[in-house]
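> Everything below, folded, please.
(2 chains)
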2 protein chains.
Amino acid sequence: MSSRKENCYPIMHFAPDYGWLNDPNGLVYHDGIFELYYQSNPNGVEWDDMTWGHARSTDLIHWEELEPVLYPDENGMMYSGCGLRNDRGELGLPKDALLFPYTAAGFDEGLSNPYFTIRLAYSTDGGASLIKRGDKLLQEMAPDNRDPKVFWHEESKAYVLVLWIEKNDFGIFRSENMQNFELSQRITLEGGFECPDLFELPVIGDDGNVSEKRWVFWAADGMYFVGDFDGYKFTPTQDKKKAYFITTLPYAAQTWSGDPKGRVIQIPWLRTKCVYNQTTSTMGIPRELTLRKINGSYVIKHAIPEEITSRVQPVSELTKGESSYISKDSAIFLDLDNLSGSTVNLYASGENDPFVTLKYNDRTGAIGISDGKVTEFMFLGREHRDKATIIYDRGIIELTTGDDTILQMTDLPHLRSIECNRISFESGEGNLKVGMIY
Amino acid sequence: MSSRKENCYPIMHFAPDYGWLNDPNGLVYHDGIFELYYQSNPNGVEWDDMTWGHARSTDLIHWEELEPVLYPDENGMMYSGCGLRNDRGELGLPKDALLFPYTAAGFDEGLSNPYFTIRLAYSTDGGASLIKRGDKLLQEMAPDNRDPKVFWHEESKAYVLVLWIEKNDFGIFRSENMQNFELSQRITLEGGFECPDLFELPVIGDDGNVSEKRWVFWAADGMYFVGDFDGYKFTPTQDKKKAYFITTLPYAAQTWSGDPKGRVIQIPWLRTKCVYNQTTSTMGIPRELTLRKINGSYVIKHAIPEEITSRVQPVSELTKGESSYISKDSAIFLDLDNLSGSTVNLYASGENDPFVTLKYNDRTGAIGISDGKVTEFMFLGREHRDKATIIYDRGIIELTTGDDTILQMTDLPHLRSIECNRISFESGEGNLKVGMIY
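Prediction:
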């Protein structure tokens, strides 16, 4: 494993020491650990040689990178899949084993199978190493079918596997013993593509309590479908919606199985750029998903999980003209409560000019983020101008509206290696709450 | 009109002196001039106060910026529309008048009409100033309906107007006299959204000759539908396709009416970033569209028009280790004929380190574009690795595969003000043809 050669890594957005990263894979919680496997090219900064890389965290903030676990073989490169605990003791494996359905990306260049095949690996050492089983989980549906996501559906007593088949078509499969999954439904979800996920979310009412639960079918580009699921068939009950307002940075988000509090926590791949020929792309910040009913339709909320919020260190509450020093090794949390034309500057140690300026235009609802030469714009939207949270992490920015319904990310890769030492609230009314996490 | 304050403008990609730009509008050719109106905020670098800005060119390379022509009024902001010559002498206007159907974006904030309305402006001074007629061209179909594109359909003797209605729904309207357009077809084109265009393209056979013609229905995000059109109804005859492989930079492309050679020439908005708080976004390079039949389906080719190709000045043909000086005020054309692991460096005057390096990986088909810190990747695709053209214009890059079927753009805004003075072919086999345009 290479050491971190350049100062080009964000604080809380996971990036491997070296190489290319894309989809999160095999997300499973066990024994206090959130496992994070991912599509990786350990040999270069471009997409190639797809391997399952491996990292883990106990707090969803700090990620320890470990050795890769699945390498390409005679069945193809190792494409996306999921993870779950073997709580029911299937396949003659212990109950504390971890199961990893994955895609072997068969190409027609001398490999044994021209189809992508869906297979199983498992771990009996707590996820440190994965062993491939020889068998396939299901009969292939189409040459490029891929991205299995599996969970146990208690009500109908079966493992449910969702798979992308082709175009906008997905398959829902069932098995009672994690073998020989049988097709239960083939469904076209117009606008959906790749990396399906299927989960039940609580609907949070105006009083903050859970009023009901609804199922969500999720696809890679953030298109999601709210509906009913009985273990056999998913039936959308409202028009498709798209998460991630405006931005095209996040993709292929997956949820963890086995969260001890029963929460649905999701992490996306962020398509951040290659920096210093060292590392390409990062993971996003994990988010806890719930639903909220707005104007008669269900909308996903993307909240920061309490593991993270509870570790945000308050730094100061600034009013206009004030500034505050912060630790240069931290990601910055900004709580924007009054956004009338505010300007916030970030400074590197010993510098008189800010390396980045955030400027809110309360007429257009846009936040301009400028490094002095280039300005990016993020948008709160007309109905969400009052309150927002910004996380600034070494050039990666995540903006969330106060109600957590709109989440945007942007990447300023030229700022990746600049350490922020001071923050000032140049102009604007009200208070600017500053926190940091490290 | 402000002067060009900073050295932050590309050479051949149009950008206004100051302000925000989006969709091209009112594209019409007359008297040797390609008129280019566009969605503009002349008052700021963010989207707002939508106005029709105005530029024109005689060679599709150099654009002269003129005064804006349509300002917001009591019917709303001035949203997108098209342009055509009044060759048939409609509306009591001279035959050399220019007609401009446009969208008045009525909002419900104190304006006369809560619907977007489709109206007509015209010019009797060759496009320098536009006069709004009071009447509406058609009965509104939905609150946000917009983006009329109009042409005369000779076979069925009517003006045809295509309009975006809502969601993936478009309308085709007809009129014999440019007034009171009547709905002829409402069509759902799944995946299509905004800014429709409808045009007939020649299909170029393997022998280089036109073998047939096919109609194309185009939508803003580059989704296009090939099919039949009889003046009344459009019938798709193949699955939708998406132009612009991978990139999300281009949007809302529109074609010129009245090209003297009958060509279909299209220009997209490129969502390039705001530089120096001076200018946000540019236009792409105009492309001549034709069709090619590949594996049984029609695919759009995006060729550089002869106005531009005929003005490319050959500079040199470099082999490995050679370099060549070029004019610092030019856009650079690179003809890549043999791409086995080539590396090309661009240098600013007096600098020993390149400000940008283009590196082709012949294993993955990716071209990495690095400024030393950050690398972007563009992809030729497995079937197009042999030949490509790259245009480098002050940080804006357009990559086209040798057969013109794949077109990608990228924006490196931090390089916008760097003038290239020398180019070297560091490594790679074969010859690198270098040309420039200024």
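
> Up against chain B, what does the stretch 251-400 of chain A have?
A:273-277, A:280, A:361, A:363-364, A:366, A:368, A:370, A:373-377 (Cβ under 8 Å from any Cβ of the partner chain). To be clear about C-beta, it is placed using only N, CA and C from the backbone, and glycine gets the same treatment.

> Pretty sure A:Phe151 sits against A:Leu84.
Yes - contact criterion Cβ atoms under 8 Å: A:Phe151 and A:Leu84 qualify, at 6.6 Å.

> Between the two, which contacts overlap?
Common neighbours of A:Phe151 and A:Leu84 (criterion: Cβ atoms under 8 Å, 6 or more residues apart in numbering or on different chains): A:Ser257.

> Just the buried subset of the residues of the stretch 251-400 of chain A next to chain B, written out for ChimeraX, thanks.
Applying 16 or more other Cβ atoms under 10 Å in any protein chain shown to these, the buried members can be selected in ChimeraX as follows:
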select /A:273,274,275,276,277,280,361,364,366,368,370,373,374,375,376,377
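
> Which of the three states applies to A:Arg56?
strand (DSSP: H, G, I helix; E, B strand; the rest coil).

> from the residues of the stretch 251-400 of chain A next to chain B, which ones fall inside helices?
Among these, no residue falls in helices (DSSP state H).

> Quick check: A:Thr357 is in a strand.
Yes - according to three-state DSSP, the state of A:Thr357 is that of a strand.

> Is it in contact with A:Lys373, as I believe?
No - in this structure, A:Thr357 is not within contact of A:Lys373 by Cβ under 8 Å, at 11.4 Å.

> ok, back up a step: higher neighbour count, A:Phe151 and A:Leu84?
Applying other Cβ atoms under 10 Å in any protein chain shown to A:Phe151 and A:Leu84 shows that A:Leu84 carries more neighbours, namely 24 against 18.

> beta partners of A:Phe170?
A:Trp164, A:Ile187 (DSSP bridges).

> For it, which residues are in contact?
Neighbours of A:Phe170 in contact, by Cβ under 8 Å, 6+ apart: A:Val162, A:Leu163, A:Trp164, A:Arg186, A:Ile187, A:Thr188, A:Leu189, A:Gly192, A:Pro196, A:Phe217, A:Ala219.

> okay, now the residue in the stretch 51-200 of chain A that chain B sits nearest to: neighbour count?
Closest residue of the stretch 51-200 of chain A to chain B, Cβ to the nearest Cβ: A:Glu190 (6.0 Å). Neighbours of A:Glu190 under the rule other Cβ under 10 Å: 14.

> Kindly state the pLDDT recorded for it?
You'll see A:Glu190 listed with a pLDDT of 90.

> and stretch A:60-78, which residues are buried?
Buried residues in stretch A:60-78 (16+ other Cβ under 10 Å): A:Leu60, A:Ile61, A:Trp63, A:Glu65, A:Leu66, A:Pro68, A:Val69, A:Leu70, A:Asn75, A:Gly76, A:Met77, A:Met78.

> Give me the mean pLDDT for it.
Rounded mean pLDDT across stretch A:60-78 is 96.

> how long is that stretch end to end?
Stretch A:60-78 has an end-to-end distance of 25 Å (criterion: Cα to Cα, to the nearest Å).

> How about stretch A:275-289?
31 Å.

> Show me what counts as buried in that stretch.
By neighbour count on 16+ other Cβ under 10 Å, the buried set for stretch A:275-289 is A:275-289.

> go on, stretch A:200-219?
Those buried within stretch A:200-219 under the rule 16+ other Cβ under 10 Å are A:Leu201, A:Pro202, A:Val203, A:Ile204, A:Arg214, A:Trp215, A:Val216, A:Phe217, A:Trp218, A:Ala219.

> Name the nearest of those relative to chain B.
Scanning these for proximity to chain B, where the rule is Cβ to the nearest Cβ, the winner is A:Ala219, at 14.3 Å.

> Now the closest one. Its backbone dihedrals?
Per-residue torsions, A:Ala219: phi -120, psi 170 (degrees, to the nearest 10).

> Distance of the nearest residue to it once chain neighbours are set aside relative to B:Leu120?
Take A:Ala219 and drop its neighbours on the chain: the residue closest to it by Cβ to Cβ, 6 or more residues apart in numbering or on different chains is A:Gly192, 3.5 Å away. The gap separating A:Gly192 from B:Leu120 is 41 Å, by Cβ to Cβ, to the nearest Å.

> Spatially nearest residue to the residue of the stretch 51-200 of chain A closest to chain B (excluding sequence neighbours)?
Looking at A:Glu190 with Cβ to Cβ, 6+ apart, the closest residue is A:Asn168, at 5.3 Å.

> right, and the one you found touches A:Glu194 too?
No - applying Cβ under 8 Å, one finds A:Asn168 not in contact with A:Glu194, separated by 10.2 Å.

> quick revisit: which of the buried residues of stretch A:200-219 fall within strands?
Of the buried residues of stretch A:200-219, the ones assigned to strands by DSSP state E are A:Leu201, A:Pro202, A:Val203, A:Ile204, A:Arg214, A:Trp215, A:Val216, A:Phe217, A:Trp218.

> Among the residues you listed, which pair sits farthest apart?
Across these, the longest distance by Cβ to Cβ is 19.8 Å; it joins A:Ile204 and A:Phe217.

> per-residue confidence at A:Gly106?
85.

> repeat for A:Glu429
85.

> Could I get the phi/psi values of it?
Dihedral angles (degrees, to the nearest 10) for A:Glu429: phi -90, psi 160.

> so how far is A:Ala366 from it?
18 Å.

> returning to what we had before: from the contacts of A:Phe170, which is closest to B:Thr319?
A:Trp164 (46.3 Å).

> Could you check how far that closest one is from B:Asp386?
32 Å.

> what do you get for A:Lys213?
On the measure of Cβ to Cβ, A:Lys213 and B:Asp386 end up 55 Å apart.

> what are the ranges of the helices in chain A?
Going by DSSP H, chain A shows helices at A:306-309.

> How is it partitioned into domains?
The record's domain parsing of chain A by automatic domain parsing lists A:19-308, A:312-437.
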